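Trainee: any chance you can model this:
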Amino acid sequence: MPSAPWSRSSAAVSQPIRNRPPENRHRRDVAVLGVGALGLAWALTTTAAYLPPLLEKFTGSTTLIALVLASEGLFAMTLPLVVGPWSDTFHTPLGRRRPFMLAAIGPIGFCLALIAFMPSLWTTTLLVLALFFAYYVYEPPYRGLYPDVLPIEVYGRAQGIQHLFRGLAIAGALVGGGFLFHTWAPAPFLLAAVVAAAACAVPVVFIAEDGGHGRVFEGIRVYVRHSWDVLRANTDVARFLVANTAWEGTFAGARTFVVLYITIGLGESITTSSTVLAVVAAAYIVASLLAGPLGDRFGLARVIVGASVVYGLGLLSGGLATSWHAWYLSIVFFVGIAGGIVMTLAWGLLFKLMPSSDRGAIAGLATTTKGIALVTGPLLAGIAIDLLRPVLGETGGFQALWPILGIPILAVLPLVWSLARVEPAGHGSSYRAD
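Mentor: Got it, this is the predicted structure:
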């Protein structure tokens, strides 16, 4: 059980942090929070897509490149276990969540601006590690703001808007970044520094939190123990976290190697890869528009299950391709919509599983499972490509990428289906943890 000091703190935060705003304020807060997602997505998308070709100047090993990208997972597995529950009890005049977010904005922009100018693998890696540290100081409190300031009936809509912004970020970072990278390698990172810092500042400036004057820090051991107590007490949350690991691992593996798969595995130009990424970004935007209404009508878990079938089978079929054909773009588009729906609705489903007193802790746990995925997804994919290179010579081993990423999506389908019971039929359903 949590210690007595924690119990006193959590009792205080279990109360609503403010009265729910009127409907027009809901719409404003949904939009403002979504801009933060644009900044986060632009930063990570640029890093994941264009750091590997940048690192190719220093090493030809996909495993080593994957290790650098997978280092993100070390921060995602550790920092949220402290930052998440700490933000539940961090009472300042600025609020609980926003002080952490504010502290991270400067380092995020600084690291992105300098990454492409580093002279070696190791100096580049140090800046990448600093970027990931700042990112995971920002993300758990940012996630916790959603259930803090929004009522449950807009969770699906809010996640749709958030992922619309994420889709715009992916389009800008991947497509625009591809042409910028071809012109001048540092350009996508400099653009990402400006966009990420500005967008991440928007929720800090425009979201209102109730303030306080009693700063609380109960110790790292207390926060970590409380996070695991919350996990053991909420079996539905635990099921979600297993599924989230699969979803995030697939996403991380795909974003790490998709450009190299097209340019090296299939021998296509950067123009082809940019076209494919544009189609993926368009699919993601369409998914963000469809996901909210579908989730509100049929239930988030049910829609995630249906989309996962298309998503998983589509990824498995990608392992059959050994050369590029233009008609593949139609398949990429529909599979991208399915994958986008899964990623859009995931956090909305988690919000319905959260006890109100532990939102930061559970957001931290979810980010921790993302960290596990960020380590295992790219690393397993990179190792598989290296190991199967002699066997899959036509694509230099890259053909193995898609089956490795598709199997986990299908494997967690029973877990996701079991969560459908927590969503009563009808709009604005809710869940109360025991």
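
Trainee: which SSE is residue 340 in?
Mentor: helix 328-353 (DSSP states H and E).

Trainee: next structured bit after that helix?
Mentor: Using DSSP H and E, the helix or strand that follows helix 328-353 in sequence is helix 359-388.

Trainee: stretch 370-384: how far from the chain's middle?
Mentor: Relative to its parent chain, stretch 370-384 has a centroid offset of 14 Å by Cα atoms, centre = their mean, to the nearest Å.

Trainee: what lies in contact with it?
Mentor: 62-63, 65-67, 69-70, 72-78, 80, 136, 244-253, 256-257, 397, 400-401, 404-405 (Cβ atoms under 8 Å, 6 or more residues apart in numbering). For glycine as for every other residue, the C-beta is placed from the backbone atoms N, C-alpha and C.

Trainee: cool, stretch 27-43 as well?
Mentor: 21, 101, 108, 112, 131, 135, 138-139, 142, 145-146, 149-150, 154, 157-158, 161-166, 168-170, 172-173, 192, 195-203, 206-207.

Trainee: how about stretch 53-66: buried residues?
Mentor: Buried positions in stretch 53-66, judged by neighbour count with 16 or more other Cβ atoms under 10 Å: 53, 54, 55, 58, 62, 63, 65, 66.

Trainee: what residues does that stretch touch?
Mentor: By Cβ under 8 Å, 6+ apart, stretch 53-66 touches 51-52, 68, 115-116, 120-121, 124, 181, 185, 256-257, 259-260, 263, 378-379, 381-383, 385-386.

Trainee: restricted to buried residues, select the contacts of stretch 27-43 in PyMOL.
Mentor: Listed next is the PyMOL selection for buried residues among these, using 16+ other Cβ under 10 Å:
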select buried, resi 101+108+112+131+135+138+139+142+145+146+149+150+154+157+158+161+162+163+164+165+166+168+169+170+172+173+192+195+196+197+199+200+201+202+203+207
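
Trainee: my guess is residue 289 contacts residue 161. True?
Mentor: No. Residue 289 lies out of contact with residue 161 (Cβ atoms under 8 Å); the separation is 9.5 Å.

Trainee: between those two, which contacts overlap?
Mentor: Joint contacts of residue 289 and residue 161 (Cβ under 8 Å, 6+ apart) do not exist.

Trainee: one step back: among the contacts of stretch 370-384, which lie within helices?
Mentor: Judged by DSSP state H, the contacts of stretch 370-384 include 62-63, 65-67, 69-70, 72-78, 80, 136, 244-253, 256-257, 401, 404-405 as members of helices.

Trainee: can you give me phi and psi for residue 322?
Mentor: Dihedral pair for residue 322: phi -120, psi -10, per degrees, to the nearest 10.

Trainee: same question but for residue 94, I mixed them up
Mentor: phi -80, psi -10.

Trainee: what does the pLDDT read for it?
Mentor: With respect to pLDDT, residue 94 scores 81.

Trainee: burial check on it, number of neighbours?
Mentor: If you count neighbours by other Cβ atoms under 10 Å, residue 94 ends up with 16.

Trainee: my guess is it contacts residue 102. True?
Mentor: Yes. Applying Cβ under 8 Å as the test, residue 94 and residue 102 come out as touching, 7.1 Å apart.

Trainee: show me the contacts for residue 324.
Mentor: Shown in contact with residue 324 (Cβ under 8 Å, 6+ apart): 262, 266, 267, 268, 272.

Trainee: can we see that at 10 Å?
Mentor: 262, 265, 266, 267, 268, 269, 272, 273, 276 (Cβ atoms under 10 Å, 6 or more residues apart in numbering).

Trainee: filter those to the buried ones?
Mentor: Among these, those classed as buried by 16+ other Cβ under 10 Å are 262, 265, 266, 268, 272, 273, 276.

Trainee: can you report phi and psi for the last one?
Mentor: Main-chain torsions, residue 276, degrees, to the nearest 10: phi -60, psi -40.

Trainee: so who does residue 70 touch?
Mentor: Per Cβ under 10 Å, 6+ apart, neighbours of residue 70: 63, 252-253, 256, 371, 373-382.

Trainee: one more pass at 7 Å, please.
Mentor: 374, 375, 378, 379 (Cβ atoms under 7 Å, 6 or more residues apart in numbering).

Trainee: what are the buried residues along stretch 112-127?
Mentor: Buried residues in stretch 112-127, counted by 16+ other Cβ under 10 Å: 112, 113, 114, 115, 116, 118, 124, 125, 127.

Trainee: in these, find the pair that's most separated.
Mentor: 113 and 125 (16.5 Å; Cβ to Cβ).

Trainee: number of residues surrounding residue 88?
Mentor: Counted with other Cβ under 10 Å, residues neighbouring residue 88 total 29.

Trainee: what strand or helix carries it?
Mentor: For residue 88, the enclosing helix or strand under DSSP H and E is helix 62-89.

Trainee: angle of the helix or strand just after that helix against helix 62-89?
Mentor: Proceeding N to C from helix 62-89, the next assigned helix or strand is helix 98-115, under DSSP H and E. On the basis of axes from the mean of the first three to the mean of the last three Cα atoms, to 10 degrees, helix 98-115 is oriented at 160 degrees to helix 62-89.

Trainee: packing partners for helix 98-115?
Mentor: Contact analysis of helix 98-115 by 3 or more Cβ pairs under 7 Å, 6 or more residues apart in numbering; DSSP states H and E lists helix 121-149, helix 187-206 as its packing neighbours.

Trainee: would you list those helices in JSON lines and tack on distance to residue 225?
Mentor: As requested, these are exported to JSON lines (distance: least, Cβ to Cβ, whole Å):
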{"stretch": "helix 121-149", "distance to residue 225": "17"}
{"stretch": "helix 187-206", "distance to residue 225": "29"}
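
Trainee: on that earlier part again, can you tell me which of the buried residues of stretch 112-127 is nearest residue 307?
Mentor: residue 112 (31.5 Å).

Trainee: now that closest one: how far from residue 409?
Mentor: Taking Cβ to Cβ, to the nearest Å as the measure, residue 112 falls 30 Å from residue 409.

Trainee: same deal with residue 359?
Mentor: From residue 359 to residue 409 the distance is 27 Å (Cβ to Cβ).

Trainee: same question for residue 307.
Mentor: Applying Cβ to Cβ, the value for residue 307 to residue 409 is 10 Å.

Trainee: and the nearest residue to residue 302 once chain neighbours are set aside, what does it touch?
Mentor: Leaving aside its chain neighbours, residue 302 sits nearest to residue 420 (5.2 Å; criterion: Cβ to Cβ, 6 or more residues apart in numbering). For residue 420, the contact set (Cβ under 7 Å, 6+ apart) comprises 299, 301, 302.
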